[in-house]
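# Model the following, please.
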Amino acid sequence: MTNKIRTLDQIPVTQLKGVGVQLANKLAKLGIQTIQDVLFHLPLRYMDRTRITPIGSVQPNTEVVIEGEIRGCDLVFGRRRSLMCRLQDNTGIITLRFFHFSNAQRQNLKTGSHIRCYGEVKRGSSGLEIYHPEYQFIDQQHPQPLQQNLTAVYPATEGISHQRLRTIAGQALGLMKQQQLTELLPEQLNQSSLTEAIEFIHEPPKTAPVDQLANGDHPAQQRLAFEELLAHHLSLLQLRQNIQQQGAPALQSDFDKKLRTAFLSSLAFKLTDAQQRVSDEIKADLEKPIPMLRLVQGDVGSGKTVVAALAALQAVAAGKQAAIMAPTEILAEQHRNSFQKWLEPLGIQLAWLTGKVKGKARERQLNIIKEGTAQIVVGTHALFQEEVEFNDLALTIIDEQHRFGVHQRLALKEKGKDSNQVPHQLIMTATPIPRTLAMSAYADLDCSIIDELPPGRSPVNTVVIANQRRQEIVERIRAACGNGRQAYWVCTLIEESDVLEAQAAEATTDELHLLLPELEIGLIHGRLKPGEKAATMSAFKNGEIQLLVATTVIEVGVDVPNASLMVIENPERLGLAQLHQLRGRVGRGQEESHCVLLYSTPLSQQSTERLSIMRQTTDGFKIAEMDLKLRGPGEVLGTRQTGDMELRIANLQRDAHLLPTIKTAAETILSEYPLQAAAIIRRWLGGSERYGQV
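Residues are numbered from 1 along each chain as shown. A predicted model of the protein is given here:
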């Protein structure tokens, strides 16, 4: 009986020479357990060790290979003890400096020895220096040949040197020559050879185009980027498939039409065409017995809350419950107020649950949720705590989804799990997501866009002013409030600290009290008790407070049409999306509105660019695209992707051109080659399939 030949993903890394249990445990921290894992542990960058640079020609801030004779080594005692060796060839002399060294190392680096070393040249106290170079002793009669390939630098972990990783990768490449990697992509995709791409990326020849490799657009890198993005896309589609196989309640009822008509006729405004279109898409989804998974994007003030209320009504009309989850108390409170005003006159009861609702009040809310007396439940992440039991949850609405991890979203879904059914999911964001990110990071969701603002919204005029002109801005506030308008003054801090933010906001409030004694000034920040926040917001809404000093807690969910002026202090500390959100708090009424970006000098080039973009456009989608260019996908996506989209070789921005093909390929592979789909996901994402199994 012949032994079955094992593929590279089945051969453990311990089969490699020198890899025992201890090293295997360290490699496992890097996600390396098989030979295939070694091959897909890809280099971060490359070093060129294929040529020797004369010492006289080396330049600061470059990485070089040099050879020479040690002319002396001394212990030097400064702020830190160091070993300094002078290395000379026939063109010049340079210092090698070691801060960490052993006695044996010190004795070996003796005068007269010849060494070849590699490192980055820096300017130091003794002229040009290389700190902690990699080095080897050389025999001048029989020097070792130089490397013929560029040298890979791998992501490392404690206890494994880069050299050890190179040796392990070299052995794995040797095994790959005997037994090629399994090609998992269907032939019709016309992709180049995976084995050749892997070989090139681990050991590029010295003639390889270094600039192309540094930019990540070499064909070998693009071949792997394609497969990596495909793996992420497949994982999301599989997540969607798993959820939708469980089924959901079909929310159809004759009562729905009556309730919808009563609701719409009670509103003081008419839905825009975009709101109507998106609402129809949601309605059609909810009527099906498969879980809706829909993302609704709408720029600041486009009217997503009404669309959410219509979706919730559909659940209520079918005798079920709907839950609305928001990331902050202020936003949750805003939703509660809107829903109470619209829905309680229709005989619909709301429950309210946040971390701050305690004792008897909490018990009462938990009871009406469990009994089903409350048809709509509004709250923060407290909604998915273990003690919360729903009577018959059919729809979850998550607002500002980028503030939640996807696991939290899935935890709320579990609350409505009943035999083979799960709730429908509606996810909303006022932070527009660039198209490239939406295609890759949200492939598990259908996407609707409310791309129209309600009539009567006045565009916000944005100005960028240096802090030296602060007094002018104070006078503008005095004039605006004197004319019956209201204003915001937003304080920002670099440190993410509630305490420091609160202190900064309090200091600004004190200063403005002195400068504007005739105005009623309110203060709101994250450390206030919910009751205090609610009272201040209510007073501001009612016009009792003319100027509201706030931290970025007012970023979402605050709607005061009479507020027509906003000052954002130190706007250079915030991302574009956050600035756009804050600016969206004004321009909600008929009056012309203004946003003043009051920056501190000097500004970096990137900050200057950001503020210039804010001045040029109020289009959230344009701003999102610019944000992506300036900050990259990790920053723009926020919490949802943390730990879930750590790409090894692909780059969402650079490789956006691959996404349309990937989208089509993923759908084909999942339907026609499901086993290959699972293997592609396993190869790139290991055991942690995207967001876990659902």
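# for the helix or strand containing residue 676, packing partners?
Per DSSP states H and E, residue 676 falls inside helix 674-685. Applying 3 or more C-beta pairs under 8 Å, 6 or more residues apart in numbering; DSSP states H and E, we find helix 674-685 packed against helix 219-245, helix 659-672. In short, each C-beta sits where N, CA and C put it, glycine included.
# Kindly present those helices as JSON lines, with separate columns for mean neighbour count.
Output for the helices and strands packed on helix 674-685, formatted as JSON lines (neighbours: other C-beta atoms under 10 Å):
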{"stretch": "helix 219-245", "mean neighbour count": "21"}
{"stretch": "helix 659-672", "mean neighbour count": "17"}
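# got those as TSV, with distance to residue 26 and mean pLDDT columns?
Shown next, in TSV, are those (distance: least, C-beta to C-beta, whole Å; pLDDT from 0 to 100):
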stretch	distance to residue 26	mean pLDDT
helix 219-245	24	90
helix 659-672	34	91
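# need those helices in CSV with distance to residue 320, can you?
CSV is the format used below for the helices and strands packed on helix 674-685 (distance: least, C-beta to C-beta, whole Å):
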stretch, distance to residue 320
helix 219-245, 18
helix 659-672, 31
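# Figure out which of the ones you listed is closest to residue 203.
helix 219-245 (11.0 Å; C-beta to C-beta).
# Next, the angle from the closest one to helix 674-685.
Interaxial angle, helix 219-245 versus helix 674-685 (axes from the mean of the first three to the mean of the last three C-alpha atoms, to 10 degrees): 120 degrees.
# which helices and strands does the helix or strand just after helix 219-245 pack with?
Moving toward the C-terminus from helix 219-245, the next helix or strand (DSSP H and E) is helix 254-266. With contacts defined as 3+ C-beta pairs under 8 Å, 6+ apart, the packing partners of helix 254-266 are helix 304-317, helix 329-343.
# how much distance is there from the helix or strand that comes right after the first one to the middle of the chain?
Towards the C-terminus, the helix or strand next in line after helix 304-317, according to DSSP H and E, is strand 321-325. In terms of C-alpha atoms, centre = their mean, to the nearest Å, the centre of strand 321-325 is found 25 Å from the chain centre.
# what mean pLDDT does strand 321-325 have?
The pLDDT scores in strand 321-325 average 93.
# helices or strands up against that strand?
With contacts taken as 3+ C-beta pairs under 8 Å, 6+ apart, strand 321-325 sits against helix 304-317, helix 329-343, strand 376-379, strand 393-399.
# How about residue 328, nearest residue that isn't a chain neighbour?
Beyond its immediate neighbours in the sequence, the residue positioned closest to residue 328 (C-beta to C-beta, 6 or more residues apart in numbering) is residue 553, lying 6.6 Å away.
# if I pick the one you found, what's in contact with it?
By C-beta atoms under 8 Å, 6 or more residues apart in numbering, the contact set of residue 553 is 328, 330, 524, 525, 526, 533.
# mind putting those residues in CSV, distance to residue 681 included?
As requested, these are exported to CSV (distance: C-beta to C-beta, whole Å):
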residue, distance to residue 681
328, 35
330, 39
524, 46
525, 44
526, 40
533, 44
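# how about low-confidence regions in the stretch 551-694 of the chain?
Low-confidence segments of the stretch 551-694 of the chain, defined by pLDDT under 70: 554-558, 631-646, 687-694.
# And the strands in it?
Secondary structure of the stretch 551-694 of the chain (DSSP state E, counting those that start in this stretch): strands at 563-569, 593-599.
# For residue 458, which of these is the nearest?
Comparing those by C-beta to C-beta, strand 593-599 comes nearest, at 5.9 Å.
# what's the angle between the closest one and strand 563-569?
Here strand 593-599 points in a direction 10 degrees away from that of strand 563-569 (the same axes, to 10 degrees).
# which residues are in contact with strand 593-599?
Contacts for strand 593-599 (C-beta under 8 Å, 6+ apart): 458, 460-467, 470, 473, 476, 563-572, 579, 582-583, 586-587, 607, 611, 614-615.
# which neighbours does that strand have in its sheet, and in what orientation?
Strand pairing for strand 593-599, determined by DSSP bridges: strand 460-466 (parallel), strand 563-569 (parallel).
# Can you give the distance of it from its chain's centre?
The answer for strand 593-599 is 27 Å, by C-alpha atoms, centre = their mean.
# What of stretch 79-99?
43 Å.
# For it, could you pull out the residues that count as buried?
82-87, 89, 92-98 (16 or more other C-beta atoms under 10 Å).
# Which ones among the residues you listed map onto strands?
Counting by DSSP state E, the buried residues of stretch 79-99 place 82-87, 89, 92-98 in strands.
# So the protein: which segments form each domain?
13-46+154-215, 51-146, 224-245+651-685, 254-450, 460-617 (automatic domain parsing).
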